[in-house]
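Enquirer: Structural data only, the sequence is not supplied:
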Ligand SMILES: [Zn+2]
């Protein structure tokens, strides 16, 4: 990745860090001057804002994100995270073919490097790939500092771009949806739009297929972005039920359109707008 682009991204990220830490001296000053209640209130406000912005996946406090498609298009987008997987990817691709569905696979860079044939297969069958970090540090991603975040997102972008020349990922999805003060900024510098979801069944933690697919079904409508995973004990079964559900809905189930128009957080995404 271009060192100048990296330096620019890190400079902007550390500026954000400085701004984020700006209230700290004020808290100390208030405490030092015997205004403990005010110091505590300010500290609690800053901490709550940071935690909500970071840990609530669909909260756009720290950057723009795509959470739905426009309803008017009558399209639903199926996104499949955490692959490629040596046992699940091919089976899921067969299911999607059977139902005439195209999907967006958010791939983990190091897994893609281990299974380049599966990445090629995803592309050959008309699906799209997205950036889901290089190593998928799900439990710590929310607290990564700019340098490590850059390594995760840029590393995956380099890996996937090398595997699919001319068709680099357009979208980035943070592991578990957690994104801190720097995540959207770094993704944007890399030409990526952060994409979350509007319908998920928690298949990463639950194993009851009817409960998982029932949750998705209740949120399924035009414009929905559906999230399921590879690599879980019920991955293929969930994919089969969800694909059938999407087919039965009559909604168009294709890869993301060339441009997406949103409300307040309007984002226009151009195909091939990666670095
Ligand atoms: Zn994931």
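Expert: Now that the structure is in, tell me what you want to look at. Only a predicted model underlies this, so the values are computations on that prediction, with no experimental measurement involved.
Enquirer: And for the most centrally placed residue in the chain, nearest residue in space, chain neighbours not counted?
Expert: The residue lying closest to the centre of the chain (CA atoms, centre = their mean) is residue 173, at 1.4 Å. Spatially, and ignoring its direct neighbours in sequence, residue 173 is nearest to residue 106 (4.6 Å; CB to CB, 6 or more residues apart in numbering). Just so you know, the C-beta spots here come from the backbone N, C-alpha and C atoms, and that holds for glycine as well.
Enquirer: one step back: tell me the contacts of the residue nearest to the centre of the chain?
Expert: The neighbourhood of residue 173, defined by CB atoms under 8 Å, 6 or more residues apart in numbering, consists of 79, 81, 106, 130-132, 194-196.
Enquirer: now do 7 Å
Expert: The contact partners of residue 173, by CB atoms under 7 Å, 6 or more residues apart in numbering, come to 81, 106, 130, 132, 195.
Enquirer: Could you look up the SS state of the residue nearest to residue 173?
Expert: Secondary structure state of residue 106, per DSSP: H, G, I helix; E, B strand; the rest coil, is strand.
Enquirer: burial of it, as a residue count?
Expert: Other residues lying near residue 106 total 28 when counted by other CB atoms under 10 Å.
Enquirer: pLDDT wise, what is it at?
Expert: For residue 106, the model assigns a pLDDT of 98.
Enquirer: so it sits right up against residue 79, yeah?
Expert: Yes: with contact taken as CB atoms under 7 Å, residue 106 and residue 79 are classed as touching, separated by 6.1 Å.
Enquirer: Which other helices and strands does the strand or helix carrying residue 15 contact?
Expert: Assigning secondary structure by DSSP states H and E places residue 15 in helix 3-21. Using 3 or more CB pairs under 7 Å, 6 or more residues apart in numbering; DSSP states H and E, the elements in contact with helix 3-21 are helix 146-163, helix 183-189.
Enquirer: The ones you listed: lowest mean pLDDT?
Expert: Ranked by mean pLDDT, the helices and strands packed on helix 3-21 end with helix 183-189 at the bottom, a mean of 92.
Enquirer: residues making contact with that helix?
Expert: Looking at what lies outside helix 183-189 - CB under 7 Å, 6+ apart - the contacts are 5, 8-9, 12-13, 16, 62-65, 146, 149-150, 153, 172, 174, 194.
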